[in-house]
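Enquirer: here are the coordinates; sequence isn't available:
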């Protein structure tokens, strides 16, 4: 048996009962305590044997304490869900109507911004972002350098951002009474 395994086995023999009692006091359940004690030793055993731990028993109790805390959080979450409370962690099966409308408006705005680009810049933008061509591939298709492709893409992003900002500014001014 390696020295790390020997240390873990010795620690198990010396600390198992004390650790289980510690976890039982914090959780109020002997069954949960047995499970969390076992998990604590497993996590400690999974560590690389080369890691230097000055005080193995203290480290083991820290692992157990963290597991107890996680267990209690999960129990609280389960109680809330079972009680019917809304949880931010539960995924919604479909986006709300507001989210769908917002996404559609953003898509239209981006489409308009791309359509407003000069034709050559728009073609490069679409080749890169839609067709997923590399700078080199775009350069070869259009007989320009990859550096020119990079410049045109940067220009397209700047122009799209300016278009969107101007449109949003106009929409805000139009919304005022």
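Expert: Yes, it's here. Here the structure is a predicted model, which is why all the values come from computation and not from measurement. Numbers count the residues shown, from 1 in each chain.
Enquirer: list phi and psi for the residue lying closest to residue 159 once chain neighbours are set aside.
Expert: Distance criterion Cβ to Cβ, 6 or more residues apart in numbering; nearest residue to residue 159, sequence neighbours excluded, is residue 117 at 5.8 Å. All C-beta atoms are positioned from the backbone trio N, CA, C, and that covers glycine. With angles defined as degrees, to the nearest 10, residue 117 sits at phi -70, psi 150.
Enquirer: might one say that residue 117 is in contact with residue 160?
Expert: Yes: applying Cβ atoms under 8 Å, one finds residue 117 in contact with residue 160, separated by 7.1 Å.
Enquirer: and residue 52, helix, strand or coil?
Expert: coil (DSSP: H, G, I helix; E, B strand; the rest coil).
Enquirer: look up how far residue 103 lies from it.
Expert: 51 Å (Cβ to Cβ, to the nearest Å).
Enquirer: for these two, indicate the residue with more neighbours.
Expert: Legend: neighbour count by other Cβ atoms under 10 Å for residue 52 and residue 103, higher for residue 103 (11 against 4).
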